[in-house]
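K.L.:
got a predicted model here, sequence first, then my questions.
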Amino acid sequence: MKGRKTELSKELALFDAVSIIVGIIVGTGIFIVPGLVAGYLPSSGMIMLVWIAGGVLTLFGVFSFMELSSSFPETGGIYIYLKESMGSLGGFLFGWASLLILRSGSIAAMSVAFAMYTRYFFPLSRFGISIVASIVILILSCVNYIGVKSGSRVQNFFTSAKVIALGLLVFTGFFLKKGDIHNFEPFLPSEFGWNMISFFGMAMISVLWTFDGWADLSYISGEVKNPEKNLPLALIIGTIIVTVIFLLVNLLYIYLIPVMNIKNSELIASDAAVKIMGGGGGTVITILILITIFGAINGSIMTGPRIFYAQAKDGLFFKWIGKIHPKYGTPSSAIIIQAVLMIIMVFSGTFEELMNCYIFMMVIFYILCIIGLFILRKKKPELKRPQKTIGYPFTSAIFLIIMIIMLVNTTYKKPVESIISFLVLIAGIPVYYFFKKEEGK
């Protein structure tokens, strides 16, 4: 049939790719985490240092993914990287974890967070929150169902809106001079020791969680124009933009509010906005947070289904999930199954536990990807690598070590969620062999 689409279309330009990264990373973290960081670190200098370190370490991870994404510019991202370096089981387990926790669970939690913030404007019961969250999921799933370009337009709009809004907030805060330069004192703590190193490490975990989401672009690689060039470039540009935003916003927080008060603030962004605009600041920051979460949800809904699509194309998932919509050219079946699972999770009330599992699970797969990079360097030296890892092997090794430390710390701090995550992974093994058996028939 003329015009019938059987493959995903390359419709995303460099700007679209950067917008996806920035839109996903700049979520609720920058409105919450600075208060946690200030609780660990007693000085403005240490606070800024941990955010700079978080940006640098994220770039180290990005450097490794530049090589992987340019070597395998295919839809599926981490699924493809693990399949190529560790075999199909490694790839399948990532897709399995994404279906049950990494994508569906985290998006459900963000959707509920969005609904909860709407209570600032009108009252909602627990059931009402679930309804609003489900409506958001359905709307954005429909937008991405009818075309990757329509999804990217929504992403571009909301990413631009949040960046402009945050920029105006920072500019207004410094321009109106509602703060105090003395809030930056003390710039450094009076004592350095093991406790300070320990607290810095704990703060770093929260900061790296705020930076998380940069790898999501890889899932949609097959729809990016000139992916060998644009994927690595988008990863670098997007991460630098996010780092600058986070640093400027944290400088504003400290300028407006003393560090000792920041650590006692659960809604630091609201406190900062009220300081700048008075009573109307709460409304402004709530709208900004809603814009931010909405864009992050859309970016995740756009990228997630591509993992399940890639699995199905390899015979490691139900074949119908690998179908492309004949008119819209999107992985429509994968988008539907993801939407159904997300709505179920919204009403199940288990999303908070799923978010805790998310951190443990994602760190595991970051570790496996970096190990996979080392394996590929040894196993496939002839592999075409349009972009090689900057600073290899040192940047990759540093990122790997930090991820292992985070995994150990998360296991210690959240043993129940860690055990649940491990059991979910183990449960995927017999499912993998079921699909392998079906594939062989």
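P.N.:
Nice, thanks for sending it over.
K.L.:
distance between stretch 297-315 and the chain's centre?
P.N.:
Centroid separation for stretch 297-315 versus its chain: 15 Å, with C-alpha atoms, centre = their mean, to the nearest Å.
K.L.:
ends of that stretch, what's the gap?
P.N.:
The first and final residues of stretch 297-315 sit 28 Å from each other (C-alpha to C-alpha, to the nearest Å).
K.L.:
buried residues in it?
P.N.:
With burial defined by 16 or more other C-beta atoms under 10 Å, the residues of stretch 297-315 counted as buried are 297-314. Where C-beta positions appear, they are placed from N, C-alpha and C, glycine not excepted.
K.L.:
right, and M362 touches D212 too?
P.N.:
Yes - counting by C-beta atoms under 8 Å, M362 does reach D212; the two are 6.6 Å apart.
K.L.:
and these two? which has more neighbours close in?
P.N.:
Higher neighbour count among M362 and D212: M362, with 26 against 21, using other C-beta atoms under 10 Å.
K.L.:
how near is the more buried one to A215?
P.N.:
Distance from M362 to A215, counting by C-beta to C-beta, to the nearest Å: 8 Å.
K.L.:
next: K319.
P.N.:
27 Å.
K.L.:
can you check M277 too?
P.N.:
For M277, the distance to A215 - C-beta to C-beta - is 36 Å.
K.L.:
which one's more surrounded, those two?
P.N.:
Taking other C-beta under 10 Å, M277 and A215 do not tie; A215 has more neighbours (24 against 18).
K.L.:
number of nearby residues for the closest residue to T303 other than its chain neighbours?
P.N.:
By the measure of C-beta to C-beta, 6 or more residues apart in numbering, the closest residue to T303 outside its immediate chain neighbours is Y219, 4.2 Å from it. Y219 has 27 neighbours, counted by other C-beta under 10 Å.
K.L.:
over to R126?
P.N.:
Around R126 there are 8 other residues, counting by other C-beta under 10 Å.
K.L.:
can you classify the residue nearest to Y120 when sequence neighbours are not counted by secondary structure?
P.N.:
Take Y120 and drop its neighbours on the chain: the residue closest to it by C-beta to C-beta, 6+ apart is T286, 4.5 Å away. Secondary structure state of T286, per DSSP: H, G, I helix; E, B strand; the rest coil, is helix.
K.L.:
so what's T286 up against?
P.N.:
117, 120-121, 270 (C-beta atoms under 8 Å, 6 or more residues apart in numbering).
K.L.:
filter these down to the buried ones, PyMOL style.
P.N.:
Per 16+ other C-beta under 10 Å, the buried members of those correspond to this PyMOL selection:
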select buried, resi 117+270
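K.L.:
ok, so of the contacts of T286, who is nearest F434?
P.N.:
Nearest to F434 among the contacts of T286: Y117, at 41.2 Å, using C-beta to C-beta.
K.L.:
verify the stated contact: A203 with Y40.
P.N.:
Yes - look at A203 against Y40 with C-beta under 8 Å: they come within range, at 4.1 Å.
K.L.:
neighbour count for these two, which is higher?
P.N.:
Applying other C-beta under 10 Å to A203 and Y40 shows that A203 carries more neighbours, namely 24 against 20.
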